[in-house]
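**Student:** sequence and computational prediction follow.
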Amino acid sequence: MTSSLMFRRFSCFHSPSSPSSVFSKKKPLVFLGSPQVSTVVLDALLNASSLADAAFEIAAIVTQPPSRRDRGRKLMPSPVAQYALDKGFSSDLILTPEKAGEDMFLSTLKVLEPELCITAAYGNILPTKFLNIPALGTVNIHPSLLPLYRGAAPVQRALQDGVKETGVSLAFTVRALDAGPIIASEKFEVNEHIKAPDLLALLFLEGSKLLIRELPSILDGSAEKKAQPQDESKATKAPKIAPDEAWLSFDQEAYVLHNKVRAFAGWPGTRAKIVVVDEKSGHDDILEFKIITTRLNVNCSSQETQADEIRFVKDALVFPCGGHTSLEVLEVQLPGKKVISASAFWNGMQGKKLKKFDASKHFLRVLS
């Protein structure tokens, strides 16, 4: 299939000519999601809808339009769209509006007459015109314990804050961001080593189970009556991550940096600059790379070494940090290269000294 054909396939809307020919007595449901983590929710819904006694069926899937990804920059459907096609879902009922407020899209949605819409990381703002269409409302799976961490990056911001507990919430969608009444939630302890992509996947998996468990009460209307309004006094925000947040400052304490590495794993990642000292040639250069995996160094204080010297101990690069703490870096990635262990990186330095970068002291050329 060519890119142009794929684009047309996912960007054009095809309303069913006869809704009665598509729908049975089961209640029509529309699912909205886009990234890979959303597919676990779609899978749970497809499996539940295929049961003989299922009270609902998926009338349509709404997802982000195709985008150019990977090295070839090919036009590719969203992970949810691809997953739906692989499961045999009709391409005519995979809708990909640029915005959820488009008139053509809303007209198509009205023809489908959904009883309920379910969102899981859809990635598009839902206007009032959309929210007024489904008879039973729209329900969202949000990977935090609402009202905590409302916004685009709840998992990343929670890990960045070093939380010991998080969870997933099932809530009705209102115009205010992630502020709707909560139907149910589940709490989970947070392992100090888990990274954002793994925690995100876990929370959406558990969220899919929570959704299936609560779906009967949502469909019979009782969930709306039992849903609890959020306590606005406890609300916190989880704003979208900006690429320039990726840089690490080793003036901060080690636990702050460790949490940031976990939180920003996947995207945008965490970056650092170090000074490479070649004592033989007398040259000092700056090296930039990504820090992939870290570990808190509880047995070693930065007081044991020079304030700016980076050492290699056992399997880790040991960075002196603020507050007389130190951080162990276990994996790094040089620009354009694969992820390598700290040991492989250290061996590649061939005896050169490594020091922390200080912008106020170093005006050096950058190693490519």
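**Tutor:** The structure has been received and is ready for your questions. A quick note: this is a predicted structure, and the numbers were derived from the prediction, not measured.

**Student:** that's a helix at residue 156, yeah?
**Tutor:** Yes - per DSSP: H, G, I helix; E, B strand; the rest coil, residue 156 lies within a helix segment.

**Student:** okay, now it: neighbour count?
**Tutor:** 28 (other Cβ atoms under 10 Å). Every residue, glycine included, has its C-beta placed from N, CA and C.

**Student:** from memory it sits against residue 242, does it?
**Tutor:** No - using Cβ atoms under 8 Å, residue 156 is not in contact with residue 242, being 11.5 Å away.

**Student:** now do the shared contacts for the two.
**Tutor:** Overlap between the contact sets of residue 156 and residue 242, as judged by Cβ atoms under 8 Å, 6 or more residues apart in numbering, is nil.

**Student:** got any ranges where the stretch 251-368 of the chain has weak pLDDT?
**Tutor:** Scanning the stretch 251-368 of the chain for pLDDT under 70 picks out 298-306, 360-368.

**Student:** now the strands for it?
**Tutor:** 270-278, 283-296, 309-313, 316-321, 325-333, 339-341, 353-356, 366-367 (DSSP state E, counting those that start in this stretch).

**Student:** please work out which of the ones you listed is packed deepest.
**Tutor:** Neighbour counts (mean count of other Cβ atoms under 10 Å) averaged over each of the strands of the stretch 251-368 of the chain peak at strand 316-321, with a mean of 24.

**Student:** please enumerate residues in contact with that strand?
**Tutor:** 250-254, 257, 295, 297, 300, 302, 305-312, 326-330, 332, 342, 345-346, 354, 356.

**Student:** so the most far-flung residue of the chain relative to its centre versus residue 226, what's the distance?
**Tutor:** Among residues of the chain, the one most distant from the C-alpha centroid is residue 280; the distance is 45.8 Å, by Cα atoms, centre = their mean. Taking Cβ to Cβ, to the nearest Å as the measure, residue 280 falls 73 Å from residue 226.

**Student:** please apply the same query to residue 318.
**Tutor:** Relative to residue 226, and taking Cβ to Cβ, residue 318 is found at 53 Å.

**Student:** now residue 348
**Tutor:** 60 Å.

**Student:** now residue 268
**Tutor:** On the measure of Cβ to Cβ, residue 268 and residue 226 end up 40 Å apart.

**Student:** looking at the two, which one has more neighbours?
**Tutor:** residue 268 (16 against 12).

**Student:** need the pLDDT of the nearest residue to that one once chain neighbours are set aside.
**Tutor:** Take residue 268 and drop its neighbours on the chain: the residue closest to it by Cβ to Cβ, 6 or more residues apart in numbering is residue 246, 4.4 Å away. At residue 246, the pLDDT value in this model is 97.

**Student:** figure out which of the strands of the stretch 251-368 of the chain is closest to residue 147.
**Tutor:** Evaluated with Cβ to Cβ, the strands of the stretch 251-368 of the chain place strand 270-278 nearest to residue 147, the distance being 28.2 Å.

**Student:** does anything pack onto that closest one? Which helices or strands?
**Tutor:** helix 254-263, strand 283-296, strand 353-356 (3 or more Cβ pairs under 8 Å, 6 or more residues apart in numbering; DSSP states H and E).

**Student:** residue 204 touches residue 142, doesn't it?
**Tutor:** No - using Cβ under 8 Å, residue 204 makes no contact with residue 142, being 10.0 Å away.

**Student:** hey, what's in contact with both of those two?
**Tutor:** Joint contacts of residue 204 and residue 142 (Cβ under 8 Å, 6+ apart) are residue 168.

**Student:** what residues go with each domain of the chain?
**Tutor:** 3-234, 243-367 (automatic domain parsing).

**Student:** tell me how far the longest one is from the chain's mean position?
**Tutor:** So that's domain 3-234. How far domain 3-234 lies from its chain's middle: 14 Å, per Cα atoms, centre = their mean, to the nearest Å.

**Student:** what does the shortest one give?
**Tutor:** Shown here is domain 243-367, whose average C-alpha point lies 25 Å from the average C-alpha point of the whole chain (Cα atoms, centre = their mean).

**Student:** quick one, helices of the chain?
**Tutor:** 3-11, 19-22, 39-49, 79-86, 103-112, 128-131, 154-160, 196-219, 222-226, 254-263, 342-348 (DSSP state H).

**Student:** how about the closest residue to residue 57 other than its chain neighbours, what does it touch?
**Tutor:** Nearest non-adjacent residue to residue 57, counting by Cβ to Cβ, 6+ apart: residue 26, 4.4 Å away. Taking Cβ under 8 Å, 6+ apart, we find residue 26 in contact with 49, 54, 55, 56, 57.

**Student:** need phi/psi at residue 26.
**Tutor:** phi -70, psi 150 (degrees, to the nearest 10).

**Student:** gap between it and residue 253?
**Tutor:** 55 Å.

**Student:** what's around residue 207, how many residues?
**Tutor:** The burial count for residue 207: 26, using other Cβ under 10 Å.

**Student:** for it, which residues are in contact?
**Tutor:** Going by Cβ under 8 Å, 6+ apart, the list of residues near residue 207 reads 41, 120, 141, 142, 143, 168, 170, 186.

**Student:** and these, which of them are in strands?
**Tutor:** 120, 141, 142, 168, 170, 186 (DSSP state E).

**Student:** can you add distance to residue 286 and neighbour count and give the residues you listed back as TSV?
**Tutor:** Listed next are the ones in strands among the contacts of residue 207 as TSV, based on distance: Cβ to Cβ, whole Å; neighbours: other Cβ atoms under 10 Å:
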residue	distance to residue 286	neighbour count
120	42	27
141	43	24
142	41	27
168	42	27
170	48	24
186	46	16
